[in-house]
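Enquirer: the following comprises the amino acid sequence and a computationally predicted model.
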Amino acid sequence: MEETVPSVEAYEAAMVLSGVGDALGYRAGLWEYCTSGPQIHAELAELGGLEAITLKPPEWPVSDDTILHLATAEGLATVWVVQGVLTDRLRPGLEGEPLLQELARRYVAAMGDMEGRKPGPTSILGTSQMRPGEPEGYRIPFNPTGTGCGAAMRSLAIGLRYPHSWELPMLIRVSIESGRMTHHHPTGYLGALAVALFGALGARGEPPERWGAELLRVLPLAWDYVEGAGVAVEDNAAAWSFFGDAWHRYLESRGLLEGRGPPQVPSLPSPAERDVAYMGWALEGWPGRSGHDAPMVALEALLAAGGSWGDLCARGVLHGGDNDSTGTIAAGCWGLRWGLASIPPGLHSCLEHRGRLHDAAHRLHALAWGRR
């Protein structure tokens, strides 16, 4: 089947709204660390609703999620320089080992911009262990507790850079290797694979009800890569099954194991009901905190919200738990399909690092699809 070519505006909406979902869910730490969806929605009502908010610092900064997502996006969009001068014709991007070294360098550098952004302890540890520039200096030891969503939240751009079906091996390699630069545990880095895959599928026009089944199809290929790479294979094998089992249960409950709709998504009309549902998928009582359930919450929101931005925010951003991370993923994926036209201008016009998100989107689109 011929792939649908997305517009550059769709890429721009994906990158900008990923930052919007982050800043909105974060609220300078007030909402990221709130475990009560009803409380968040009550406070949103007091603010006057989404239309009354202007997302800008210091009240509404982006968190570590956007800073690290930008590190991924800008690393992927790094281009060759000809005789020290970047020409007006976009050159092929970095690939292979140079790309992984570049991503590692940017992740380490990004930790210098974390004042007030609350980076996770696993990301802090992982970046402290990397040695960019040294042979395989992007690799860190296996981490039995590296199950968090810090790799997932920064990986949508990987799918935007490698959206084509024939690029799946590269998407698998880059998402896994970049993911385990900080989260060297399958539950952590497979979250990066899931979000990258969702970005690629969304970029070429595949509807969200197909994404989960495709993820299950890709997981054996991901294991082939991990085994072939030969890094901590026994540790990875022992921890491998949880991610796939959790996703199989979720997709079965939604009637989506075969990737055909309509999805059987419960209405869950209240924030309290959504909190209960998301808690049932969570590790350690923190919905959206882990690599398996951050993309799961995001997909659930996409399936339920359709083209409604308000519903997407209510379900994928404003819930009890790690909602800046689920918001980054859900809002970015939503933007690919629905764009910026219906978004209240205050939510994105003054967004911190909007210009960088815009520029990265345009460069990723040009590298992935050519100048059209």
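Expert: Nice, thanks for sending it over.
Enquirer: ok, and the closest non-adjacent residue to Y138?
Expert: Closest residue to Y138 apart from its sequence neighbours, by CB to CB, 6 or more residues apart in numbering: A104 at 3.7 Å. All C-beta spots, glycine's among them, are computed from the backbone N, C-alpha and C.
Enquirer: which pLDDT value belongs to the one you found?
Expert: Note on A104: pLDDT of 97.
Enquirer: just checking, it touches M130?
Expert: Yes: between A104 and M130 there is a contact at 5.0 Å, judged by CB atoms under 8 Å.
Enquirer: who touches both of these two?
Expert: Between them, A104 and M130 share these contacting residues under CB atoms under 8 Å, 6 or more residues apart in numbering: G137, Y138, M181.
Enquirer: comparing A104 and M130, which residue is more hemmed in?
Expert: Neighbour count, other CB atoms under 10 Å: between A104 and M130, A104 has more, with 28 against 20.
Enquirer: element containing the more buried one, please.
Expert: Using DSSP states H and E, A104 maps to helix 96-110.
Enquirer: and Y26, how far from R105?
Expert: Between Y26 and R105 the distance is 25 Å, computed by CB to CB, to the nearest Å.
Enquirer: which one of these two is surrounded by more residues?
Expert: Ranked by neighbour count (other CB under 10 Å), Y26 and R105 place Y26 first, with 30 against 17.
Enquirer: for G148, grab phi and psi.
Expert: Note on G148: backbone dihedrals following degrees, to the nearest 10 are phi -70, psi 180.
Enquirer: that one reaches H183, doesn't it?
Expert: Yes: checked against CB under 8 Å, the pair G148 and H183 is within contact range at 6.2 Å.
Enquirer: and the contacts of stretch 281-290?
Expert: Here stretch 281-290 has contacts from 35, 147-149, 187-188, 191, 246, 250, 275, 278-279, 292-294, 296-297, 319-323, 325-326, using CB under 8 Å, 6+ apart.
Enquirer: apply 7 Å and report the result again.
Expert: Residues external to stretch 281-290 that are found in contact with it (CB atoms under 7 Å, 6 or more residues apart in numbering): 147-149, 187, 246, 250, 278-279, 293-294, 296-297, 319-323, 325-326.
Enquirer: who's in contact with the residue most central in space within the chain?
Expert: Central residue of the chain (CA atoms, centre = their mean): M153, 3.6 Å from the mean position. When contacts are counted by CB under 7 Å, 6+ apart, M153 touches D65, H69, A294, S325, T328, I329.
Enquirer: for the first one, what are its contacts?
Expert: D65 makes contacts with D22, M153, R154, D324, S325, T328, as judged by CB under 7 Å, 6+ apart.
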